[in-house]
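Asks: Just a sequence and a predicted model for now, questions to come.
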Amino acid sequence: MASASHRRSLRTRRTLVVSAAAVAAAVGAGVIVMNANAGTTSVDLYHQTLAAKDGWASSGTGTTGGAKADAAHTFTVSTRAQLVKALGSVSDTTPRIIKVKGTIDANTDDAGKKLTCADYASGTGYSLSSYLKAFDPSTYGRSKLPSGTQETARAAAQTKQAKNIVFKVPANTSIVGVPGTKAGITGGMLQIQKVDNVIVRNMTFSDTEDCFPQWDPTDGDDGNWNSEYDAVTLRGATHVWADHNTFSDAGHFDSLNPKYYGREYQVHDGELDITKSSDLVTVERNQFTSHDKTMLIGSSDSEPSGKLRVTLHHNVWKGIVQRAPLTRVGQVHLYNNYYDVTTLNGYALQYSINSRAKAQVVAQNNYWTVPSSIKVSKIFSGDGTGSIAGSGNLVNGTTTDLVAAYNAANSKKIKTTVNWTPTLTAGLESSAKDLPTSLAKTTGAGVLS
């Protein structure tokens, strides 16, 4: 598939990109730009576009975000109310650049006053104690979802919170954290839904918390509490570039969650989910830390084929329980990622990569740090229909056939052939051996300037 060629900066003078890894320039991830004639200066992060051949998001028309924004559609925001105003209507496709300065608390009102779960519940009739009494499995049973007065009240309270913390992103938008300001969003969700051409860079997303999880007694053998919000969610979105962001539960780790009905009261959902036939997505040089259900690619086994084409490269995954990622249906390329599966902040590994629902995954030149207490066979997972091809994957510095390790320990085998060959592979490093060191310095929010 042809790939458009795009400028990464509006600068026309000759530049030299310098980073800790020699490939950084090729993947549009340079940390510093050095002017050949005038010394060191900063990159124009806000107008940068995705480089050619940099993953699936470079395919076709490429991903330029708000690079063509005029002055009237270039905003600097530092509060929730300012962010909402800058985003405007999701139906307005005028290119826009939103510079986020500092940390925005999504759980605030238009005047900046802090809002609590009690504020969202006020007037709905919901209370946790009443909810727990109404749907206690010993009396309500385990065969059907909650319904009735308290479930209606819970849904109403959740709707009130959603109106405050869900930020709907229009097409042709770049959301970029201002360097040196600890830019990010805490407690909120960027919703990129049924729009094209969005860039999210240099942002820290933390503790996106659902005040009102729903009890589902039919989920698994013992039931589960399920929450609603991802830090960033793509639903039917196309041409999205997520670059140099940090995702974490910092502020409220899952170890703080109580248990009700014997199950964890889970207030977090995903960190970056790519679902509902989203397509042409590149996720690079991010840090995913201290989280359970981290990245879902495809929300249903029945999603149609031909979409969910996603590239993940040069990302760091530390303290991740599962879904790094969980893949369904699509063509997914994972290269030069670093996984440290040592338990962190109470988050213990279930698996890293899951291929199911005939997903076609190529995992190439990734590195895993695995403590002796964890079996290598736990790194991959699947349902017996998904595929994972690839080579050059290292475990503690040693080349390891992770599919073979999984298949030897499980009856539902992961297939080893795929129906496609990756070609959009800018910056692909032929060896994973240096990734633990190089990616520590070149990933996540705050390293761009």
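Replies: The structure has been received and is ready for your questions. Numbering: from 1, shown residues only.

Asks: For the stretch 101-250 of the chain, just list every one of the strands.
Replies: 103-105, 166-168, 173-177, 184-186, 189-193, 196-201, 204-206, 214-216, 224-226, 232-235, 238-243, 246-248 (DSSP state E, counting those that start in this stretch).

Asks: Would you mind giving those strands as CSV with distance to Leu83 and mean neighbour count added?
Replies: For every residue, glycine as well, the C-beta is placed using N, CA and C. Output for those, formatted as CSV (distance: least, Cβ to Cβ, whole Å; neighbours: other Cβ atoms under 10 Å):
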stretch, distance to Leu83, mean neighbour count
strand 103-105, 6, 18
strand 166-168, 6, 18
strand 173-177, 9, 28
strand 184-186, 8, 23
strand 189-193, 10, 23
strand 196-201, 13, 25
strand 204-206, 13, 23
strand 214-216, 27, 20
strand 224-226, 27, 17
strand 232-235, 14, 26
strand 238-243, 17, 27
strand 246-248, 18, 26
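
Asks: Include mean pLDDT and distance to Thr282 when you put those into TSV, please.
Replies: Shown next, in TSV, are those (pLDDT from 0 to 100; distance: least, Cβ to Cβ, whole Å):
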stretch	mean pLDDT	distance to Thr282
strand 103-105	98	25
strand 166-168	98	21
strand 173-177	99	14
strand 184-186	98	20
strand 189-193	98	13
strand 196-201	99	10
strand 204-206	98	18
strand 214-216	98	33
strand 224-226	98	29
strand 232-235	98	12
strand 238-243	99	5
strand 246-248	98	16
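
Asks: Could you tell me the end-to-end distance of stretch 418-426?
Replies: In stretch 418-426, first residue to last residue: 21 Å (Cα to Cα, to the nearest Å).

Asks: what stretches of the stretch 1-150 of the chain score poorly on pLDDT?
Replies: 1-42 (pLDDT under 70).

Asks: so what's the residue nearest to Asn172 when sequence neighbours are not counted up against?
Replies: The spatial neighbour of Asn172 that comes closest, neighbours along the chain excluded (Cβ to Cβ, 6 or more residues apart in numbering), is Pro95 at 4.3 Å. Pro95 sits next to 65-70, 73, 172-173 when contact means Cβ atoms under 8 Å, 6 or more residues apart in numbering.

Asks: Apply 7 Å and report the result again.
Replies: 66-69, 73, 172 (Cβ atoms under 7 Å, 6 or more residues apart in numbering).

Asks: beta partners for Asp243?
Replies: Arg201, Glu284 (DSSP bridges).

Asks: Would you check that it makes contact with Arg285?
Replies: Yes - between Asp243 and Arg285 there is a contact under Cβ atoms under 7 Å: 5.9 Å.

Asks: Are we agreed that Val321 is in a strand?
Replies: Yes - the assignment for Val321 is a strand, going by DSSP: H, G, I helix; E, B strand; the rest coil.

Asks: can I assume it is in contact with Tyr351?
Replies: No - Val321 lies out of contact with Tyr351 (Cβ under 7 Å); the separation is 8.6 Å.

Asks: Now Gly112: closest residue in space that isn't a chain neighbour?
Replies: Closest to Gly112 by Cβ to Cβ, 6+ apart is Thr79, at 5.9 Å.

Asks: Next, count neighbours for that neighbour.
Replies: The number of residues packed near Thr79 is 16, by other Cβ atoms under 10 Å.

Asks: Equivalent analysis for Glu284, please.
Replies: The burial count for Glu284: 27, using other Cβ under 10 Å.

Asks: same deal with the one 3 residues further on?
Replies: When neighbours are defined as other Cβ under 10 Å, Gln287 has 22 of them.

Asks: Over to Asp221?
Replies: 6.

Asks: any idea how far Ser248 is from the spatially most central residue of the chain?
Replies: For the chain, the residue nearest the mean C-alpha position is Leu272 (2.1 Å; Cα atoms, centre = their mean). Leu272 is 12 Å from Ser248, where distance means Cβ to Cβ, to the nearest Å.

Asks: gap between Tyr351 and Cys211?
Replies: For Tyr351 relative to Cys211 (Cβ to Cβ), the value is 29 Å.

Asks: out of those two, which sits in the busier spot?
Replies: Regarding Tyr351 and Cys211, a neighbour count based on other Cβ under 10 Å identifies Cys211 as having more, with 25 against 19.

Asks: Please name the nearest non-neighbouring residue to that one.
Replies: Cys117 (3.6 Å).

Asks: Now do the longest helix along the chain: which elements does it pack against?
Replies: Across the chain, the helix with the greatest residue count (assigned by DSSP state H) is helix 149-165. Helix 149-165 sits against helix 117-121, helix 128-134, with contacts defined as 3 or more Cβ pairs under 7 Å, 6 or more residues apart in numbering; DSSP states H and E.

Asks: Report the buried residues of it.
Replies: Under the neighbour-count criterion of 16 or more other Cβ atoms under 10 Å, helix 149-165 has 150-151, 153-154, 156-158, 160-162, 164-165 buried.

Asks: now the angle from that helix to strand 189-193?
Replies: 90 degrees (axes from the mean of the first three to the mean of the last three Cα atoms, to 10 degrees).

Asks: In which helix or strand does Ser290 reside?
Replies: Using DSSP states H and E, Ser290 sits in strand 287-293.

Asks: State the next helix or strand along the chain beyond that strand.
Replies: Taking DSSP H and E, what comes next after strand 287-293 is strand 296-297.

Asks: for that following strand, the distance to its chain's centre please.
Replies: 9 Å (Cα atoms, centre = their mean, to the nearest Å).

Asks: avg pLDDT for it?
Replies: Strand 296-297 carries an average pLDDT of 98.

Asks: Any figure for the gap between the residue nearest to Ser278 when sequence neighbours are not counted and Ile297?
Replies: Ranked by Cβ to Cβ, 6+ apart and with sequence neighbours excluded, the top spatial neighbour of Ser278 is Leu234, at 4.3 Å. Leu234 is 9 Å from Ile297, where distance means Cβ to Cβ.

Asks: Now for the two: what residues contact both?
Replies: Joint contacts of Leu234 and Ile297 (Cβ under 7 Å, 6+ apart) are Ile274.

Asks: Touching stretch 77-84 from outside, list them.
Replies: By Cβ under 7 Å, 6+ apart, the surrounding residues in contact with stretch 77-84 are 86, 98, 100-102, 104-106, 108, 110, 112, 167.
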